[in-house]
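# got a predicted structure plus its sequence, pasted below:
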Amino acid sequence: MVKQRKGFTLVELIIVIVIVGILSIVAVPVYKGYTKKAMATEAKALLGAILTAEKIYFVEHGNFKVLDHTNYDKDLDVDSRGNKYFTSWNASLIWNTSSIPSTGKVGPADRVLFTTTGNQGSGADLISMAMLYSGTGTPTLFEAYEPGGGESLVSILSGE
C-alpha cells in the first residue's frame, strides 16, 4: 500500500516565492509612478480651478486677487481643504517693471503665478507645481518636480 501525502513540496513553495518576488520587483515601481501621477494630477486640477476663478475675478474686478498660503478664498470660491495631497496654494504677481500702474491694480499685461506644494507627511511633500498665466492665451505649467526624486513630473503628466 502506497501512502499519499497532501501538501506542497519544498521546491514548489520556493518556486512560488521566487515568482511572487519577481512580480513585486516589477509592480512596486509601477505603483509608485501611478501614485506620483495621481498626486500631480490633484495639484494640476487645483491650479486649474484657481486659474478659472482668477479669470472670473479679473473680469469682474479688473485685477487678479493676490493670496498667500491659503486653502480657501470666498471671493474666488476655491476650497482645497478637502484635497488629500495639496491643501494650500498661493497666487502672486509678477510685475512688468516698465508698466507698473499707479493705481496698483494688475492690468492684463501683468502675469500671475499660482503655486502649490504637497502637504507634509502626505507622500507629496516634495512635490511642487506652479502655473504662470499672462492674462491672455494659454497658461503655462512650467514647474512640477520632486527635488532629488529623479523623474520630472512634467514628463509624467505630458506622457513623455
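Nice, thanks for sending it over.
# quick one: average pLDDT of the helix ranked longest in the chain?
Scanning the chain for the helix with the most residues, using DSSP state H, yields helix 10-61. Helix 10-61 comes out with an average pLDDT of 88.
# and if you look at stretch 77-87?
The model assigns stretch 77-87 a mean pLDDT of 86.
# which residues touch that stretch?
By CB atoms under 8 Å, 6 or more residues apart in numbering, the surrounding residues in contact with stretch 77-87 are 39, 42-43, 46, 49-50, 53, 71-72, 88-89, 116-119, 122-124, 127, 129. (Each C-beta comes from the backbone N, C-alpha and C, glycine too.)
# give me that answer again for 6 Å
Under the criterion CB atoms under 6 Å, 6 or more residues apart in numbering, residues 39, 42-43, 46, 49-50, 53, 71-72, 116, 118-119, 122, 124 lie in contact with stretch 77-87.
# state the pLDDT value of residue 128.
Note on residue 128: pLDDT of 78.
# quick check, it in contact with residue 118.
No: when contacts are counted by CB atoms under 6 Å, residue 128 is not listed as touching residue 118 (7.4 Å).
# tell me which of the two has more neighbours.
residue 118 (24 against 18; other CB atoms under 10 Å).
# number of residues surrounding residue 16?
Using other CB under 10 Å, residue 16 is surrounded by 11 other residues.
# so it versus residue 126, what's the distance?
Distance, residue 16 to residue 126, by CB to CB, to the nearest Å: 37 Å.
# for residue 40, same thing?
12 Å.
# more neighbours: which of the two?
Per other CB under 10 Å, whichever of residue 40 and residue 126 has more neighbours is residue 40, with 24 against 12.
# how far out from the middle of the chain is the longest helix of the chain?
10 Å (CA atoms, centre = their mean, to the nearest Å).
# show me what contacts residue 90?
Here residue 90 is in contact with 68, 69, 115 (CB under 6 Å, 6+ apart).
# quick one: list the elements packing against whichever strand or helix holds residue 116.
Counting by DSSP states H and E, the element that carries residue 116 is strand 111-117. Applying 3 or more CB pairs under 6 Å, 6 or more residues apart in numbering; DSSP states H and E, one finds that strand 111-117 contacts helix 10-61, strand 89-94, strand 128-133.
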